[in-house]
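>>> Take this sequence and fold it.
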Amino acid sequence: MSGVPLLAYLIVAALLFCIGLYATMARRNAIAILMGVELMLNAVNVNLVAFWRFLSPMQNTPSGLQTAMAGQAFTVFVFVVAAAEVAVGLALIISIYRNRRSVVAEDATTLQG
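Alright, predicted model coming up:
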């Protein structure tokens, strides 16, 4: 198999995950924290597709179609979960901003008036 080796994909995914983890842990802004979580989910997607491609190569069926798309199916599920997480997260951030006039995550720890 020619092309980019699996290790290169894993290194890129690890770097994405580390950047997302740093953004999640070091930021106070709720939107930046949400972006860090999205970076971590994208790192998971890179890993899923890379392992699927290298561990389950395409199989030709008698009709000529290629099967074994489990890695891509898992990635679609991760995208759906990420989209739902963003929708709920942004709704919460907008609600907190309307009440407190701030998107600092520490302000959301006490939700009493």
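>>> In the longest helix seen in the chain, which residues are buried?
Counting residues, the longest helix in the chain under DSSP state H turns out to be helix 70-100. Applying a neighbour-count criterion of 16 or more other CB atoms under 10 Å, one finds 71, 74, 75, 82, 89, 93, 96, 97 buried in helix 70-100. Where you see a C-beta, it was placed from the backbone N, CA and C, and this is true even at glycine.
>>> List the contacts of the last one.
Contacts for residue 97 (CB atoms under 8 Å, 6 or more residues apart in numbering) come out as residue 103.
>>> so how far is residue 26 from it?
Distance of residue 97 to residue 26, computed by CB to CB, to the nearest Å: 21 Å.
>>> again, but for the third one
Separation of residue 75 from residue 26 (CB to CB) stands at 28 Å.
>>> quick one: the helix or strand where residue 52 lies to helix 70-100, angle?
Using DSSP states H and E, residue 52 sits within helix 30-55. With axes from the mean of the first three to the mean of the last three CA atoms, to 10 degrees applied, the angle from helix 30-55 to helix 70-100 works out at 180 degrees.
>>> tell me what helix 30-55 is packed against?
Under the contact criterion of 3 or more CB pairs under 8 Å, 6 or more residues apart in numbering; DSSP states H and E, helix 30-55 touches helix 6-26, helix 70-100.
>>> any chance of the ones you listed in CSV, with mean pLDDT and distance to residue 106 too?
Below are those laid out as CSV (pLDDT from 0 to 100; distance: least, CB to CB, whole Å):
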stretch, mean pLDDT, distance to residue 106
helix 6-26, 94, 13
helix 70-100, 81, 11
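>>> For the most centrally placed residue in the chain, which non-adjacent residue is spatially closest?
In the chain, the residue lying closest to the centroid (CA atoms, centre = their mean) is residue 41, at 1.6 Å. Spatial nearest neighbour of residue 41, excluding adjacent residues (CB to CB, 6 or more residues apart in numbering): residue 82 at 4.7 Å.
>>> Perfect, I'm done here.
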